[in-house]
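Engineer: A structural model of the following input is requested.
(one chain, ligands or ions: 1)
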Amino acid sequence: MKTIQAYRYALDLTPTQERAALAHAGAARVAHNWALARVRAVMCQRAAERTYGIPDNQLTPALSWSLPGLRKEWNAAKRQVAPWWTECSKEAFNTGLDALARALRNWTRSRSGHRAGRPAGFPRFKSRRRTAPSVRFTTGTIRVELDRKHIVLPRLGRLKLHESARKLARRIDSGTARIMSATVRRDGGRWHVAFTCEVERTDRRPTQPLSVVGVDLGIKHLAVLSTGEKAPNPQHLIGAQARLRRFSRALARKAGPDRCASRHPSGRWERASARLSRAHARVRNLRRDGLHKLTTRLAREHGTIVLEDLNVAGMLRNRRLARHIADAGFAELRRQLAYKAEWYGGQMILADRWYPSSKTCSGCGTAKAKLALAERIYICTKCGLVLDRDLNAARNLAALVASHTTGSGPVAGRGADRKTQHAGLAAVKRQPGAASAGQTGTVPPQGRTTDRELTRAGDG
Ligand SMILES: [Zn+2]
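Structural biologist: Numbering: from 1, shown residues only. Sure, this is the predicted structure:
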């Protein structure tokens with residue numbers, strides 16, 4: 001199976017190398033901001049000319065917003081705009097122009113309704129302080145050295161890795177990976193390099209290919225599996241909150257940069273700011289590590305993983321929940337499960353967003369009309385089942401697929417590709433004998449979620 005995969009390593013840069021990396025990132029920003037200013041100036045000029053009643057064919061010619069177009073503009077102007085342009089790799093300017101071309105495309109597509117998700121705004125200028133310095137190399141010498149502790153990048157030269165790159169090096173040696181690009185980026189005070197690679201992965205099977213596991217995501221436990229296993233929610237952000245508060249208060253007391261007064265930040269402010277961003281980076285790293293371990297284990301073991309299609313973006317709008325949801329990383333967990341299930345030869349299935357997994361009894365299939373969030377134990381009035389609320393939900397999710405599979409043969413398709421799932425299925429599968437009161441879920445709430453629902457024609 002051919003996939004695009006990233007290998008990310010921490011770098012140990014010397015002060016000279018760090019300056020060079022920062023210079024390249026700065027060059028990317030300069031090119032981005034210059035091109036954005038040009039785009040805006042031409043847009044405003046054309047708009048103004050239109051108000052004078054100048055016919056369209058006599059307006060100032062529009063700029064091309066594509067990467068080659070922007071690059072052409074930049075190359076014509078770089079001698080004036082950036083007389084130092086020879087000091088940086090051309091890839092640095094390309095990084096900035098590429099970011100702008102993408103941002104402009106996202107904006108146009110979003111405006112014309114061709115882009116899903118939240119509306120994308122018009123690109124904004126990059127600031128030296130707020131943007132993480134980053135530069136991407138797509139051409140030239142990009143390689144891992146034989147000792148696997150060093151890499152070579154264009155212009156930046158030979159850089160020391162903080163850890164061994166043997167996993168990637170082995171793949172390159174055996175011909176199963178090809179480096180497509182390398183991005184050098186500073187993240188929470190530390191430099192990283194991320195190689196985007198085309199990787200040929202061997203086809204694998206999960207250790208239990210027939211196993212179906214339902215996963216109920218929550219805040220008390222990050223994930224409750226239908227097997228009865230509970231993955232704790234480590235709440236890294238909540239744990240670090242006291243430290244973060246202290247650091248950001250200390251930062252607020254120091255003299256930061258002020259553009260109006262053209263004041264440079266004090267040395268103490270710089271140090272306090274670095275301390276705060278390191279603390280945030282640590283939370284991120286801990287969270288990422290935990291999620292990767294959990295999702296890899298699930299994807300390696302189980303043939304089918306059933307998740308609820310949670311409306312994470314919607315939940316993040318709830319001010320009381322947002323911090324906890326974001327800290328748990330539901331969206332990231334789902335994203336990782338989707339691609340890892342495919343890597344390990346299993347599949348991830350999203351249950352319909354409106355499927356009442358918590359309200360349904362996993363024993364007899366009766367659905368309750370109401371279930372308060374505070375009720376941690378599910379008690380069925382019909383069959384007398386008493387079960388942990390989250391476990392009950394996880395079992396319902398698993399049963400959703402189990403009954404589906406026995407009803408109409410094995411679920412076709414592998415992987416989490418939404419398009420390959422459940423072709424020709426139309427109505428939401430419920431527990432056999434479930435009360436059909438309030439047939440929520442038969443009609444997809446939004447047009448585009450149609451094909452990702454666990455659905456089937458003709459309930460039975
Ligand atoms: Zn029951």
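Engineer: where along this protein do the helices fall?
Structural biologist: Shown for the chain, the helices assigned by DSSP state H span residues 15-51, 67-81, 90-111, 166-173, 236-252, 267-301, 312-315, 322-328, 330-343, 389-408.
Engineer: and among those, the most buried is which?
Structural biologist: Scoring the helices of the chain by mean neighbour count under mean count of other Cβ atoms under 10 Å gives helix 389-408 as the most buried, with a mean of 22. Every C-beta, even on glycine, is put in place using the N, C-alpha and C of the backbone.
Engineer: format the helices of the chain as TSV; extra columns: distance to residue 260 and mean pLDDT.
Structural biologist: Conversion of the helices of the chain to TSV gives the following (distance: least, Cβ to Cβ, whole Å; pLDDT from 0 to 100):
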stretch	distance to residue 260	mean pLDDT
helix 15-51	20	95
helix 67-81	26	95
helix 90-111	26	96
helix 166-173	47	95
helix 236-252	18	95
helix 267-301	16	94
helix 312-315	35	83
helix 322-328	32	88
helix 330-343	38	93
helix 389-408	52	77
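Engineer: how about the residues of the protein that lie near the ion?
Structural biologist: Proximity of the chain to the ion (Cβ under 5 Å from the ion) is limited to residues 361, 363, 364, 366, 380, 382, 383, 385.
Engineer: of those, which is the most crowded?
Structural biologist: Neighbour counts for the residues of the chain next to the ion were taken using other Cβ atoms under 10 Å; the highest belongs to residue 361, with 23 neighbours.
Engineer: now it: phi and psi?
Structural biologist: Main-chain torsions, residue 361, degrees, to the nearest 10: phi -80, psi 130.
Engineer: correct me, but it touches residue 378?
Structural biologist: Yes: using Cβ atoms under 8 Å, residue 361 is in contact with residue 378, at 7.1 Å.
Engineer: shared neighbours of the two, which are they?
Structural biologist: In the contact map built from Cβ atoms under 8 Å, 6 or more residues apart in numbering, the residues linked to both residue 361 and residue 378 are 385, 392.
Engineer: what would the helices of the chain look like in TSV with distance to residue 7?
Structural biologist: TSV is the format used below for the helices of the chain (distance: least, Cβ to Cβ, whole Å):
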stretch	distance to residue 7
helix 15-51	18
helix 67-81	25
helix 90-111	19
helix 166-173	4
helix 236-252	24
helix 267-301	13
helix 312-315	27
helix 322-328	26
helix 330-343	14
helix 389-408	33
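Engineer: for those, which one sits closest to residue 182?
Structural biologist: Residue 182 lies closest to helix 90-111 among the helices of the chain, at 9.5 Å (Cβ to Cβ).
Engineer: who does the closest one touch, helix- and strand-wise?
Structural biologist: helix 15-51, helix 67-81, strand 134-137 (3 or more Cβ pairs under 8 Å, 6 or more residues apart in numbering; DSSP states H and E).
Engineer: between helix 67-81 and the first one, find me the angle.
Structural biologist: What separates the directions of helix 15-51 and helix 67-81 is an angle of 110 degrees, with axes from the mean of the first three to the mean of the last three Cα atoms, to 10 degrees.
Engineer: tell me which other helices or strands helix 15-51 touches.
Structural biologist: Helix 15-51 is packed against helix 67-81, helix 90-111, strand 134-137, strand 177-187, with contacts defined by 3+ Cβ pairs under 8 Å, 6+ apart.
Engineer: closest residue of the stretch 101-250 of the chain to the ion?
Structural biologist: Of all residues in the stretch 101-250 of the chain, residue 226 sits closest to the ion, at 16.1 Å by Cβ to the ion.
Engineer: gap between that residue and residue 398?
Structural biologist: In this structure, residue 226 and residue 398 are separated by 4 Å, where distance is defined by Cβ to Cβ, to the nearest Å.
Engineer: joint contacts of the two?
Structural biologist: Overlap between the neighbourhoods of residue 226 and residue 398 consists of 212, 213, 214, taking contacts as Cβ under 8 Å, 6+ apart.
Engineer: surely the first one touches residue 303?
Structural biologist: Yes: proximity of residue 212 to residue 303 meets the contact threshold set by Cβ under 8 Å, at 7.0 Å.
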